[in-house]
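Visitor: need a structure here:
(4 chains, ligands or ions: 3)
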Amino acid sequence: MATQQSTSANPKVNYKYRRKKAKQEMRQHVTSFALMIFMTLIAFIAVMAGFDKIYVYPILLVLAAMQVVLQLYYFMHMSHKGHGTVALFLYSGVLVAFITVLTFVTIVWW
Amino acid sequence: MKNGLKKWRLLSLFTALAFILSGCGEPFVSALQPAGEVARQQYNLMILSAVIMVVVIIVVAIVYIIAITKFRRSKIGEDVIPKQVEGSHTLEIMWTVIPIILVLVLAVPTVYVTFALADQAEMEEVDEEGNRTALVIDVRANLYWWEFAYPDQGIVTAQDLVVPTDQNVYFNVIGHDVKHSFWIPAVGGKIDTNVENVNTFYLNFDSEAAENVDNLFYGKCAELCGPSHALMDFKVQTMSGDEFEEWVTAMQEVAEEEQQPENELQARGQEVYQDQGCIGCHAVDPTQQIGSSTGPNLTTFGERSYVAGILDNRDPDLSQEDNIKDWIRNSDSLKPGNKMPVYNEDDLSDEDLDALTEYLMSLKVFSE
Amino acid sequence: MDTQEKFTSRTWPESPEKTTLEGKNKFLGFWLFLGGETVLFASLFATYLALKDKVPGSDHYLAIDMYELPLVFIMTMLLLTSSLTSVYAMYHMKNYNFQKMKIWLVVTIGLGLAFLGFEIYEFYHYVHEYEHTFTSSAFGSAFYTLVGFHGAHVVVGLGWFILLLIRNTNRGLNLYNAPKFFVASLYWHFIDVVWVFIFTVVYLMGMVG
Amino acid sequence: MSTVAQKKGFLAVLWDYLTTVDHKKIAILYLTSGGFFFLVGGIEAMIIRIQLAVPDNNFVSAGLYNELLTMHGTTMIFLAAMPLLFGFMNAIVPLQIGARDVAFPFLNSLGFWLFFFGGVFLNLSWFLGGAPDAGWTSYASLSIASEGHGIDFYVLGLQISGAGTLISGINFLVTIINMRAPGMTYMRMPLFTWSTFVASALILFAFPPLTVGLFLMMFDRMFGANFFDASMGGNTIIWEHLFWIFGHPEVYILILPAFGIFSEIFATFSRKRLFGYAAMVFATVLIGFLGFMVWAHHMFTVGLGPTANAIFAVATMAIAVPTGVKIFNWMLTMWGGSISFTTPMLYAVAFIPSFTAGGVTGVMLASAAADYQYHDTYFVVAHFHYVIIGGVVLGLLAGTHFYWPKMFGTMLNEFLGKITFWLFLIGFHATFFIQHFLGLMGMPRRIWKFLPGQGLDMPNLISTVGAFFMAVAVIVLLVNIVITQVKNVRVGNDPWGDGRTLEWAIPSPPPFYNFKQLPLVRGLDPYWIEKMEGNTKMTPAEPLSDIHMPNNSFIPFVMSLGLFIAAFGAMYQVSWRASEGESFVWALPVLIIGMLITIGAMAVRSLKDDHGYHIHKEDLLDDEEGGRE
Ligand code: HEA
Ligand code: HEA
Ligand SMILES: [Cu+2]
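Guide: Numbering: from 1, shown residues only, chains lettered A, B, ... in the order given. Ligands and ions are numbered 1, 2, ... in the order given. Purely as a prediction, here's the structure:
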């Protein structure tokens, strides 16, 4: 069954171009890594600085969400083509996850 | 005209349904014969939803019966190839919108009643002296028995809940060992007695309905709690507000005056009660061990309608005496898994049992 | 075409992980699994949040008394960096550079091991300094379960990488094992995603109060 | 490997089934073991009904009764209904989408064996000191307090079989997404495939909360954690939420595939395209989606507060709308069609009013304030048996008759089939209709006995009599199966004559590679389209060429066996529960050995390449008959 798909839709002449693209992408990855480190730092600093939690909580959560987006879309390549189904299921999971956490912090008391 | 006819039909459906249902069950346990405001609101909701459901079923039944009678192959012919219809937008919109409307008709009163029954503002009200005006009862569910404490009155009872009629009674419920659920079917829906938190709700006992059932409703545990879950029954004695005040006073007084045995047998029984250690679990003073006893408080034991919630003292074939003895000798087989030790002849001679029974039957507070 | 066919860096397909049907299936199936894992961790987070600081007596330490941010910061850096190194490994995989891929994977494993070491130290510290154990309170159970599940994922991820390396060192890349490497690296990133929430929700928010 | 039919010895057949990765054989495995567990659960139900036939009965003891009711619910849901549905999914879905197998044949086998060993483990509790006794919902305070190992069996058994279910769910998803034949777009997939797809998605998101809940309970009971111990800060409501976040989607995991089976049957035996196909697909997806928003309707009386109760009440009622769309579309499929009342069709026809009755009582339950009265009474028991038996079990029985020829190549006897049908239908309504009233009259559920004098005697007796009708019906079905297999009259590819979907285009049973050449799909109901154009076969979408097949493997069996062994170790190492005074020195080693077996098997799997094999073109040409093994 493995043989049904042909190996390379891209002809091999594209080799140079592919290499370049990959390099570029790798540079992007390094940038997103730098961003992640930066956001982590901000998060830790925000906590160390001792602001009130109504300010710190949202900042922390937004930073975490942004980091995760970077992980998913760059490190895990969800920005590439052919991830439609993946995104559908991942976001369904995120939705269920969100509802679960929401109920546990609201209607499970004490 | 047509509209009026429809209304009339719907109304008659309502009454017919209510009539049929009210024929069901015994008035002291049946949710179909509501005996209080709370149960009545819930009952109305039940009838409303049942009517909607009957309408749904009738509509479905009509389409259904026509479809399966008109389009049988035996009628149409063996070789007919029906038209391959894809669907119909009009129809589909119709059977989306109509159910939405029906659901809304049910949803609005549901939300309303749900909030109404959760309204406990009255519980906070106090009179000039800062005393709470509403009656509050703390219910503590234990493996197979119920404790009812009246915190504002400083008294406690078990197995037989005593309440005044025609006023809201507020309940704080908690489970002592595992989770149970507190349910008096005729008077209102249940509420769980969780182990980690107190739940609060109210009921209202209707005096007329109460008279109908000789002032005795059945209550049950509605959450699986172990082998004898089925037998974790309790009874509700209702009385008028004034009578209830008297009852409370009588209860409070028992604590003050030393109860004197009336005869020798009772005196002997009282001794047995002490010696056998019954007193360790079962207080006979309604102001003692509130919320901490390991067994039901027996102050009013002689007045109870049932022994252990399940042996009927009003049963013509068996006397209260028989029930008590049966329980003490066979508690384990009568209520499997309960926490009370079994007393056989070696632990407790027949004579002692007679005396003990006599003593227990004498534990009365409020009977003339 | 054979899955064991030898390639050159020129004939190597652009998305080796998704070139065969098996690879495609594995790729999708694994992503779906990660969708399920999301819910799994959500349940653990939710449980932790419901039980945070729920202790039987006032002599028990609470989150704010215990957590040590510098330690957590180091652990975060280690895991974030290991995410980048595994990206490097995949970069070389796509370039058909097996040697470099292996090197970066080894680096990743090293960082993961360091992370684990710190985590073990951290747990040890809580147990001995604060008597905060798995059985000491509901809070303890929830904390160690959540963070421990993540730790277990790290262990599995490391074991997976190691097994793949051992098995394939002498074989080089082909279309049979490329999806396996790819999927393992997805798993590694997911572990990092979970950690982002752990350091945010458990440690940082725990320290804020 | 020869495809010529040959007689094999018993051991060879056994080995074949132990190692098979063929979805059709795995389907048969699911069907037999699910069927077996259905009988077990049914016998438990019969004992329950006998105990409740008369007031104050002592046919079984209180403790035993609780074990019976727990095992009845657990067995029926996890070990009977779901596996039976998996059986049909395995047998039919790959054929319906024109695939040669599922996406992960190895995992398919692993999923089955995990389920099987989990189920066996759970049921061994009967012989090893007592079954679980805290209800199938196993609410935390009681299940933590429960003595003995019953609950441990529940926790570990479900954990193992749950892992199998999750694996199978992912497998079906990938199969349906990636393995469709050329031309089989999403909106041309048969409804059974669609409902399998949605149900699998529900499995993917609903099982992890159960897994977590079971882990927490396992940690509490076996490793001293305190999640549910209120005195240590724990909270039992967490279990209730986790269980129902799983539990409610679970009921749709059960009903959606049954809906799928019925959709196929209505279209087939009305000789008509499914009415409103697109709406049906949309409704299925919507039901699946809403299924995650409503779980707290099982917890109305817990004390979540009126806001939560109101939100969940309204959300629950919303599910009536898409379900109604389906009911009406099925009726309109029959409308204007040419209905032939075969046994499967009888079940389908009976399903509509039965399920509607059960569904509308569900909406009544959703009315939160009224549910304070219904909750934990026989009204609820009546509701869910109406939806489960009136929906799922009727669906399974219909599927059994409908797909039997495709799976086994023989037709079940129609006359006996109809006898089963009528007995079962009558018995079902007799048993459960009256239970609505029992509940309203004040009979709580899960009670070992009821006392006389509360007006409950007669209705309970009627209910018990009804259950006996069902039992007889099941026995007739068993007889039918035996007779059919003994007679062994073979049938062709489209035995019902009105087949519409791809599975009817190939021999019954299909050859082990399913399709010699993958078919070209030109629309909804592809085989019907070809038939209407006078073709007897599907147009192939590819030239005849070698077919790649996976190898059989014994590893899934070993991996599951390892977990099975480890579970015993995990359970008996709790000697620290000193109160029981038991101590098993062998427990920890057994736990370790079991885990090593599993991990070892996994390592073998990943270290040893398995590239499968090819069937050569020439052999395929020879294999005219389609060769059954
Ligand atoms: C296959 C299984 C299955 C299915 C399909 C359903 C379907 C539904 N269920 Fe049920 N349910 C169970 C299995 C199932 N349930 C089980 C096992 C329990 C008990 C668990 C336990 O405690 O042990 C339970 C318990 C249960 C409760 C909790 C009761 C309690 O414990 O107090 C509730 C409450 O809301 C509920 C509601 C519903 C609703 C609204 C639907 C809806 O999906 C029904 C929708 C269908 C229809 C409504 C009919 C067709 C529609 C029309 C013809 C359109 C027009 C209709 C209207 C306008 C109303 N169910
Ligand atoms: C798929 C799910 C499913 C199915 C099919 C059934 C089927 C049946 N169930 Fe139920 N049931 C549940 C799921 C299911 N059930 C659940 C989840 C609970 C809740 C448990 C809990 O509270 O925790 C429950 C609870 C439950 C109760 C309530 C117990 C209580 O609360 O105390 C009752 C009582 O009447 C009952 C009865 C029945 C009956 C009579 C059948 C019948 O339809 C059974 C029909 C089958 C047979 C009769 C089998 C016949 C077999 C033979 C005749 C043997 C032949 C043998 C050989 C040849 C070896 N079930
Ligand atoms: Cu539900």
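
Visitor: contacts, neighbours, all on C-alpha from now
Guide: Fine.

Visitor: how deep is residue C:59 tucked in, by neighbour count?
Guide: 7 (other CA atoms under 10 Å in any protein chain shown).

Visitor: and it, helix, strand or coil?
Guide: coil (DSSP: H, G, I helix; E, B strand; the rest coil).

Visitor: Could you measure from it over to residue D:233?
Guide: Noted for residue C:59: a distance of 13 Å to residue D:233, by CA to CA, to the nearest Å.

Visitor: do the same with residue D:161
Guide: Distance from residue D:161 to residue D:233, by CA to CA: 31 Å.

Visitor: So for those two, which sits in the more crowded spot?
Guide: With neighbours defined as other CA under 10 Å, residue D:161 and residue D:233 compare such that residue D:161 has more, 26 against 23.

Visitor: you'd agree residue B:295 is up against residue B:282?
Guide: Yes: using CA atoms under 8 Å, residue B:295 is in contact with residue B:282, at 5.2 Å.

Visitor: And the longest helix along chain A, what's buried?
Guide: Counting residues, the longest helix found in chain A (DSSP state H) is helix A:15-48. Neighbour-count burial for helix A:15-48 flags A:15, A:18, A:22, A:26, A:29-30, A:32-33, A:36-37, A:39-40, A:43-44, A:46-47 (criterion: 16 or more other CA atoms under 10 Å in any protein chain shown).

Visitor: Give the burial count for the closest residue to residue B:161 other than its chain neighbours, as a bare number.
Guide: Nearest non-adjacent residue to residue B:161, counting by CA to CA, 6 or more residues apart in numbering or on different chains: residue B:236, 4.7 Å away. Look at residue B:236: counted by other CA under 10 Å, it has 20 neighbours.

Visitor: where's residue B:236 relative to residue B:210, distance?
Guide: Residue B:236 sits 10 Å away from residue B:210, going by CA to CA.

Visitor: Which neighbours do the two have in common?
Guide: Common neighbours of residue B:236 and residue B:210, counting by CA atoms under 8 Å, 6 or more residues apart in numbering or on different chains, are B:216, B:217.

Visitor: Now for residue 32: which residues touch it?
Guide: Picking chain A for this. A:70, A:74.

Visitor: what's near enough to touch residue 101?
Guide: The chain I'm using is chain A. C:42, C:43, C:45, C:46.

Visitor: hm, I was asking about chain D
Guide: D:22, D:23, D:94, D:513, D:514.

Visitor: go on, residue B:325?
Guide: Per CA under 8 Å, 6+ apart, neighbours of residue B:325: B:353, B:354, B:357.

Visitor: The first one: what secondary structure?
Guide: In this case it means residue B:353. From three-state DSSP, the assignment for residue B:353 is helix.

Visitor: Relative to residue D:321, how far out is it?
Guide: 65 Å.

Visitor: what does residue D:475 give?
Guide: Residue D:475 is 37 Å from residue D:321, by CA to CA.

Visitor: that older thread, looking at the contacts of residue A:101, which is nearest chain B?
Guide: residue C:46 (18.1 Å; CA to the nearest CA).

Visitor: Surely that closest one and residue A:104 touch.
Guide: Yes: using CA under 8 Å, residue C:46 makes contact with residue A:104 at a distance of 5.5 Å.

Visitor: Now do residue D:453 against ligand 1, distance only.
Guide: Here residue D:453 is placed at a distance of 26 Å from ligand 1 (CA to the nearest ligand atom, to the nearest Å).

Visitor: Excluding chain neighbours, what is closest to residue D:278?
Guide: residue D:187 (7.5 Å).

Visitor: cool, residue C:132 as well?
Guide: residue C:126 (5.5 Å).

Visitor: Dihedrals phi and psi, the one you found?
Guide: The phi/psi pair for residue C:126 (degrees, to the nearest 10) reads phi -60, psi -40.

Visitor: Helix or strand with the lowest mean pLDDT in chain A?
Guide: helix A:15-48 (a mean of 84; mean pLDDT, DSSP states H and E).

Visitor: After that one, which helix or strand is next?
Guide: Later in the chain than helix A:15-48, the nearest helix or strand by DSSP states H and E is helix A:53-70.

Visitor: neighbouring contacts of that following helix?
Guide: With CA under 8 Å, 6+ apart as the criterion, helix A:53-70 contacts A:32, A:36, A:39-40, A:43, A:46-47, C:193, C:196-197, C:200-201, C:204-205, C:208-209.

Visitor: And the average pLDDT for it is what?
Guide: Averaged over helix A:53-70, pLDDT sits at 87.

Visitor: Over to stretch B:295-307?
Guide: Rounded mean pLDDT across stretch B:295-307 is 87.

Visitor: what does that stretch contact?
Guide: Stretch B:295-307 is touched from outside by B:145-147, B:156-160, B:235, B:281-286, B:312-314, B:320, B:323-324, B:327, B:340, B:360-367, with contacts defined as CA under 8 Å, 6+ apart.

Visitor: how about 6 Å then?
Guide: Applying CA atoms under 6 Å, 6 or more residues apart in numbering or on different chains, the external contacts of stretch B:295-307 come out as B:157-158, B:281-286, B:312-313, B:361-365.

Visitor: Can you tell me which of the residues you listed comes closest to residue C:29?
Guide: residue B:158 (58.9 Å; CA to CA).

Visitor: Just give the nearest non-adjacent residue to the closest one, would you?
Guide: residue B:147 (4.4 Å).

Visitor: so where is chain D shaky, pLDDT-wise?
Guide: D:1-7, D:575-583, D:623-629 (pLDDT under 70).

Visitor: and it, which residues reach ligand 2?
Guide: Counting by CA under 6 Å from any ligand atom, chain D comes close to ligand 2 at D:39, D:42-43, D:45-46, D:48-49, D:69-70, D:73, D:76-77, D:81, D:135-137, D:381, D:388-389, D:445-447, D:467, D:470-471, D:474-475.

Visitor: just the residues you listed that are near chain B?
Guide: Counting by CA under 6 Å from any CA of the partner chain, residue D:447 from these sit close to chain B.

Visitor: Can you turn the buried part of the residues of chain D next to ligand 2 into a PyMOL selection?
Guide: Remark: buried members of the residues of chain D next to ligand 2, expressed as a PyMOL selection using 16+ other CA under 10 Å:
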select buried, chain D and resi 39+42+45+46+48+49+69+70+73+76+77+81+135+136+381+388+389+445+446+447+467+470+471+474
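
Visitor: How much space separates residue D:232 from ligand 1?
Guide: Residue D:232 is 28 Å from ligand 1, by CA to the nearest ligand atom.

Visitor: Now do that residue against residue C:60, distance only.
Guide: From residue D:232 to residue C:60 the distance is 11 Å (CA to CA).

Visitor: cool, and residue B:317?
Guide: Distance from residue B:317 to residue C:60, counting by CA to CA: 59 Å.

Visitor: Near the closest residue to ligand 2 within the stretch 1-150 of chain B, how many other residues are there?
Guide: Residue nearest to ligand 2 within the stretch 1-150 of chain B: residue B:144 (17.1 Å; CA to the nearest ligand atom). Using other CA under 10 Å, residue B:144 has 25 neighbouring residues.

Visitor: And the closest residue to it other than its chain neighbours, its phi and psi?
Guide: In space, and not counting its chain neighbours, residue B:144 is closest to residue B:232: 4.6 Å by CA to CA, 6+ apart. When read as degrees, to the nearest 10, the backbone of residue B:232 gives phi -90, psi 60.

Visitor: what about residue B:232, neighbour count?
Guide: The local packing of residue B:232 (other CA under 10 Å) involves 26 other residues.

Visitor: May I ask you to confirm that it is in contact with residue B:142?
Guide: No: the criterion here is CA atoms under 6 Å, and residue B:232 misses it with residue B:142 at 9.2 Å.
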